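Colleague: what's the 3D shape of this:
(one chain, ligands or ions: 2)
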Amino acid sequence: MSSAIINGKEIGQEIRNAVAERVIRLKERGLTPGLAVVLVGDNQASATYVRNKQKSCEAIGMFSELIKLPEETTQEELLAQIQRLNQREDIHGILVQLPLPKHIDEDTVIATIAVEKDVDGFSPVSVGKMMLGQETFLPCTPFGVMKLLEYSGIEIAGKHAVIVGRSHIVGKPMGQLLLQKDATVTYTHSKTPDLPSFTKQADILIAAVGRANFITKEHVKEGAVVIDVGINRDDNNKLCGDVNFVEVDGIASHITPVPGGVGPMTITMLLFNTVQAAENKLAQ
Ligand SMILES: NC(=O)C1=CN([C@@H]2O[C@H](COP(=O)(O)OP(=O)(O)OC[C@H]3O[C@@H](n4cnc5c(N)ncnc54)[C@H](OP(=O)(O)O)[C@@H]3O)[C@@H](O)[C@H]2O)C=CC1
Ligand SMILES: Nc1nc(=O)c2c([nH]1)NC[C@@H]1CN(c3ccc(C(=O)N[C@@H](CCC(=O)O)C(=O)O)cc3)C=[N+]21
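Modeller: Numbers count the residues shown, from 1 in each chain. Ligands and ions are numbered 1, 2, ... in the order given. The predicted model follows:
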């Protein structure tokens, strides 16, 4: 039997409809939620994501502004741009698209974003609050995965979650959010010897590696829930995840596709966080 498909497009749309309602309420009170996306350089993949984000904002009546800066932008210039966005009344969320060109220090840039506008949840203060279980903007991709699990009725408490990957934007916060819901969490990474011996134990397996079709049937326990965060291009330049879908289909109880799985949820939670930022401002 094939695995149940967790449909991120559908679940994302359901959440977006609720977010759109909140946008209407805010507009009635004279406030249009605004997102600024800062894109430095001309990374092709980044340009595609950024377009998706803008289209999604427009679709639910939010304002979005793209600040496109040349590859040679200095760090000082970028910091000055962010400071201007921090001051602007019409901008409630700021997203600096990563990765940045090598001559710019990402940590410094992210730490400059005002915490009340940090809708990516990447700044040190946001990360610290998340670790402490305090209210804050949660990073969109792990937040989106939590929603996928919730909407699919998948139980987390007491389950063994194994994360492959420990990046600051996906793997690390993912483990933290699952831990908060009482999963037992194991982190694995490139220095983990005998990876399948760990992943085979997972009730919930999260793949955030960045390698096309890396997770195969030898990594997956019968009946596991498999969440594929990866967005890669295969040899034919086709979009694919970190999980070899064909092999794992039928072994997993549930699986997310790529495209149409985690990707649309990331954008959904960005819209969610931006509307929350706008509501927070009205509540001040
Ligand atoms: N769907 C979405 O919305 C999003 C998708 N992505 C996608 O998710 C994937 C991961 O992104 P990101 O976390 O930013 O990537 P990074 O490259 O920052 O991190 C990759 C992680 O995978 C680990 N890793 C690499 N090779 C292996 C290996 N052979 N065995 C075990 N672990 C390994 C690395 O380990 P180590 O730390 O030891 O180097 C690292 O922790 C990418 O495909 C990216 O495009 C990213 C963001 C959002
Ligand atoms: N500051 C910052 N915040 C991010 O959230 C961020 C980032 N930088 N840098 C890059 C990664 C990647 N990312 C994706 C978002 C949406 C899709 C997405 O919508 N994917 C669609 C397909 C898109 C397509 O067709 O190319 C899908 O999976 O169905 C994918 C990847 C956000 N990231």
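Colleague: Tell me the residues on the stretch 51-200 of the chain that lie near ligand 2, please.
Modeller: Applying C-beta under 6 Å from any ligand atom, one finds that the stretch 51-200 of the chain approaches ligand 2 through 52, 95-98, 120, 140. C-beta here means a position set from N, CA and C on the backbone, and glycine is covered the same way.
Colleague: Now a PyMOL select for only the buried ones of the residues you listed.
Modeller: The following PyMOL line selects those of these that are buried, judged by 16 or more other C-beta atoms under 10 Å:
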select buried, resi 95+96+97+120+140
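Colleague: Which two of the residues of the stretch 51-200 of the chain next to ligand 2 have the greatest separation?
Modeller: The largest separation in those, counting by C-beta to C-beta, is between Asn52 and Val96 at 16.4 Å.
Colleague: Phi and psi next, for Ala207.
Modeller: phi -100, psi 110 (degrees, to the nearest 10).
Colleague: what's near enough to touch it?
Modeller: Counting by C-beta atoms under 8 Å, 6 or more residues apart in numbering, Ala207 makes contact with 164-165, 214-215, 226-230, 241-243.
Colleague: can you give me the helices in the stretch 101-250 of the chain?
Modeller: With DSSP state H, counting those that start in this stretch as the definition, the stretch 101-250 of the chain shows helices at residue ranges 106-112, 124-132, 140-151, 171-180, 195-199, 245-248.
Colleague: Output the ones you listed in a markdown table; the columns should cover distance to Glu222 and mean pLDDT.
Modeller: Converted to a markdown table, these look like this (distance: least, C-beta to C-beta, whole Å; pLDDT from 0 to 100):
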| stretch | distance to Glu222 | mean pLDDT |
| --- | --- | --- |
| helix 106-112 | 40 | 98 |
| helix 124-132 | 33 | 98 |
| helix 140-151 | 19 | 98 |
| helix 171-180 | 21 | 98 |
| helix 195-199 | 13 | 98 |
| helix 245-248 | 11 | 98 |
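Colleague: Can you tell me which of these is packed in deepest?
Modeller: Most buried of the helices of the stretch 101-250 of the chain, by mean neighbour count (mean count of other C-beta atoms under 10 Å): helix 140-151, with a mean of 22.
Colleague: That one and ligand 1 in contact?
Modeller: Yes - contact of helix 140-151 with ligand 1 (C-beta under 6 Å from any ligand atom) involves Thr141.
Colleague: same for that helix, what does it pack against?
Modeller: Secondary-structure packing of helix 140-151 (3 or more C-beta pairs under 8 Å, 6 or more residues apart in numbering; DSSP states H and E): helix 8-28, helix 171-180, strand 225-228, helix 262-283.
Colleague: right, so the ones you listed: which one is the most enclosed?
Modeller: Highest mean neighbour count of the helices and strands packed on helix 140-151: strand 225-228, a mean of 28 (counted as mean count of other C-beta under 10 Å).
Colleague: contacting residues for the residue in the chain that ligand 2 sits nearest to?
Modeller: Closest residue of the chain to ligand 2, C-beta to the nearest ligand atom: Gly263 (2.2 Å). Neighbouring residues of Gly263 by C-beta under 8 Å, 6+ apart: 8, 231.
Colleague: Near ligand 1, which residues of the stretch 51-200 of the chain are found?
Modeller: Selection of the stretch 51-200 of the chain residues close to ligand 1 by C-beta under 6 Å from any ligand atom yields 141, 164-167, 169-171, 188-192, 195.
Colleague: quick one: which of those has the most company?
Modeller: Val164 (28 neighbours; other C-beta atoms under 10 Å).
Colleague: What sits closest to Val23 if chain neighbours are left out?
Modeller: Leaving out its chain neighbours, the residue that sits closest to Val23 by C-beta to C-beta, 6 or more residues apart in numbering is Gly61, at 4.7 Å.
Colleague: was I right about the one you found contacting Thr32?
Modeller: Yes - between Gly61 and Thr32 there is a contact under C-beta atoms under 8 Å: 7.4 Å.
Colleague: can you list residues touching both of those two?
Modeller: Counting by C-beta under 8 Å, 6+ apart, the residues touching both Gly61 and Thr32 are Val23.
Colleague: Widest-spaced pair of the residues of the stretch 51-200 of the chain next to ligand 1?
Modeller: Thr141 and Lys191 (22.6 Å).
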